[in-house]
Every structure is written in C-alpha cells, then in structure tokens.
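Chemist: Sharing a model prediction with you, sequence too.
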Number of protein chains: 2
Amino acid sequence: MRPLFHPALEDIKPEAILYALSDPERVAIYAKLAGASGGGTCSALADLGDRVIPKSSLSNHFKVLRESGLIRSERQGVEMRNQTRCTELDERFPGLIRAILTAYGQLPGQPKAD
Amino acid sequence: MRPLFHPALEDIKPEAILYALSDPERVAIYAKLAGASGGGTCSALADLGDRVIPKSSLSNHFKVLRESGLIRSERQGVEMRNQTRCTELDERFPGLIRAILTAYGQLPGQPKAD
DNA sequence: TTCCATAGTTCAGAACTTCGGAACTGTTGA
DNA sequence: TCAACAGTTCCGAAGTTCTGAACTATGGAA
C-alpha cells in the first residue's frame, strides 16, 4: 500500500475542493466527519441511510477528499482515522467550506435542506 | 436547435453549481461574464489569454453553466447574450458564489491568486 | 428571394473517468 | 501461525468529456 498523500495547505486548489464537494455522497461523508468527534473511520461512514456505499467506492471517496485537502487520514492500528482540515482550510479560503455546507443544508447541527 | 434550458431558482442544485465551477476554464468564463456589462457573447469569452477554447468546447461550457443555473443565455439576433444569475443565486445560496470566486482569486476587480 | 458570413449547436469517435466486485495488503489478537 | 477485520488496489464495464467537422439559425447585401 502506498503512503497516503496529503497536499500542503498552500498547494490546495479551489478546483479540487469544488470537485470533491460536487458529489452529494462525498458531501454527506464530509459533513458526518465534520460533526463526528475523534475522527470517523471509513466503515462508520459507509451507511448513508438510503444506501450503503461499497467499500471500494468509499475508499475512492476518501482518497478524493484527502487529495483535495479536505481531510487528513491516518492509520491507527487496523483502522483509518479521518478528520477534516477545516480550520486550516478556512484560513486559506475564508468562508468557502461553510458556504458550501450551508448550500447543501449540511452544516453540523442544521436540518437537511430540500 | 433545441430551446435553451434554464432551471427555476428552486431547482438549482448545489452539486451542479460546484461541479460547473470545478473547472478553472468555466470559472474564468463566469468571472469575465460577472465583470462584463451587457452580457458577454460566447466568442467574446473564448480567449483565455493562455489558450483559445474551441467553439464546440465553449458551447458545452456555456451549456454546463446555463443548466447548473449560474447563467442565463438568450439569443439576440445572431449572437447569444449571456449574463450571470448571481443576484438570484445569492438569495438561494447566500455567500456561495462570492466565496468561490474569492477562493479562485477571480472576484471582479481582484488580482488573480496563485 | 437568394446567397453569404457569422454565431453558436449538434454529432461522433477517441480519450479519459468513475463505479464496484474480487483479490490483495497490513494490523491485531488468539 | 492463523483468522478476522479495515482499507486499498486492480480491472472491466459503463459513462463522461473533449474537439473537429457538419449543421442550423439569423441578418445583411445583391
């Protein structure tokens, strides 16, 4: 297994962020992660209520989120702990993540829109 | 030629907006349009400085922007006048478009970032 | 009316991306 | 050493994107 790639803060590209968050499944995962404390594992986030994401697809979603700079993943024993990089990101792109989650109605503690 | 489709304000989906703006070429077009007064035509926006977009690709970019709800296009004689729907959109997704353009460093009157 | 130029759209096929099942890797605990 | 578990990688099928060529729509000139 290759080591996990995380872009440096200054290498994070807005197009990668927008692309990663243009998939509602990834947004749902990201929003759950933003709400969860202590870093969600992949399998804990696989169940979206209306469907369970196959694990290869999940793994790919996490890769997209990670390589766009939205999350940081690190192996902890047999599991992977994932956490958002929202504090860092807000410094680089002020207000962006919040505006996107608000648009989706996925801000932690907010009822889902639409 | 089919009539042009424009989604109603309430049918505009955040994923479509993010997807449309996850392509730097489309963002450049959109930002020029937001800066231009009177509605830019397709061909007036084809020249991105570092490359000229082929017209079939341009037409497709406009279609993506139009069908995501970001712009409104209307035929005026031989040309197509395009304008942003930013006022409407800001009502539906407050702060979203501005945060995205700021992230790209493409807000009208702002020097380009990166 | 007919013809031409211009602006943009549609078509088609090549190149690329995404999805998801099966096989694999790495870690832990028995 | 082995089994179980969490995730990753591989790979083929299905879908998407890109762009040149052909087409359509409009307006102006002859």
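Modeler: Nice, I can see it. The shown structure was predicted, so the numbers you read here are calculated from the model rather than taken from an experiment.
Chemist: going forward, measure contacts and count neighbours with C-alpha atoms only.
Modeler: Noted.
Chemist: Work out for me the element the one residue sitting closest to the centre of chain A sits within.
Modeler: The centroid of chain A falls nearest to residue A:30 when counting by CA atoms, centre = their mean (3.3 Å). Using DSSP states H and E, the element containing residue A:30 is helix A:24-35.
Chemist: Give the burial count for the residue of chain A found nearest DNA strand C, as a bare number.
Modeler: The nearest approach of chain A to DNA strand C comes at residue A:77, 3.4 Å away (CA to the nearest atom of the strand). A count of nearby residues for residue A:77, using other CA atoms under 10 Å in any protein chain shown, gives 7.
Chemist: roughly how far apart are it and DNA strand D?
Modeler: Taking CA to the nearest atom of the strand, to the nearest Å as the measure, residue A:77 and DNA strand D are separated by 8 Å.
Chemist: and that residue, backbone torsions?
Modeler: In terms of degrees, to the nearest 10, the main-chain angles of residue A:77 are phi 70, psi -130.
Chemist: Which pLDDT does the model give it?
Modeler: Per-residue pLDDT puts residue A:77 at 90.
Chemist: now residue A:112
Modeler: Reported pLDDT for residue A:112: 50.
Chemist: doesn't residue A:22 fall inside a strand?
Modeler: No. Counting by DSSP: H, G, I helix; E, B strand; the rest coil, residue A:22 falls outside a strand, being coil.
Chemist: ok, for it, nearest residue in space, not its chain neighbours?
Modeler: residue B:15 (4.4 Å; CA to CA, 6 or more residues apart in numbering or on different chains).
Chemist: on that earlier part again, report the mean per-residue pLDDT for the helix holding residue A:30.
Modeler: 94.
Chemist: Now it: buried residues?
Modeler: For helix A:24-35, a neighbour-count test (16 or more other CA atoms under 10 Å in any protein chain shown) marks A:25, A:26, A:27, A:28, A:29, A:30, A:31, A:32, A:33, A:34, A:35 as buried.
Chemist: coming back round to it: which ones are touching the residue nearest to residue A:22?
Modeler: Neighbouring residues of residue B:15 by CA atoms under 8 Å, 6 or more residues apart in numbering or on different chains: A:21, A:22, A:23, A:24.
Chemist: which residues touch the first one?
Modeler: Think residue A:21. Residue A:21 touches A:27, B:15, B:18, counting by CA under 8 Å, 6+ apart.
Chemist: Can you tell me what sits against the longest helix seen in chain A?
Modeler: What stands out as the longest helix in chain A, according to DSSP state H, is helix A:55-68. The contact list for helix A:55-68 (CA under 8 Å, 6+ apart) reads A:5-7, A:12-13, A:16-17, A:20, A:26, A:30, A:42-43, A:46, A:71-73.
Chemist: tell me which of the contacts of residue B:15 is nearest to residue A:81?
Modeler: Residue A:81 has its nearest neighbour among the contacts of residue B:15 in residue A:21, at 19.9 Å by CA to CA.
Chemist: wait, residue A:95 sits on residue B:97?
Modeler: No. Using CA atoms under 8 Å, residue A:95 is not in contact with residue B:97; the gap is 10.8 Å.
Chemist: neighbour-wise, which of those two wins?
Modeler: Shown here are residue A:95 and residue B:97; by other CA under 10 Å, residue B:97 has more neighbours (22 against 18).
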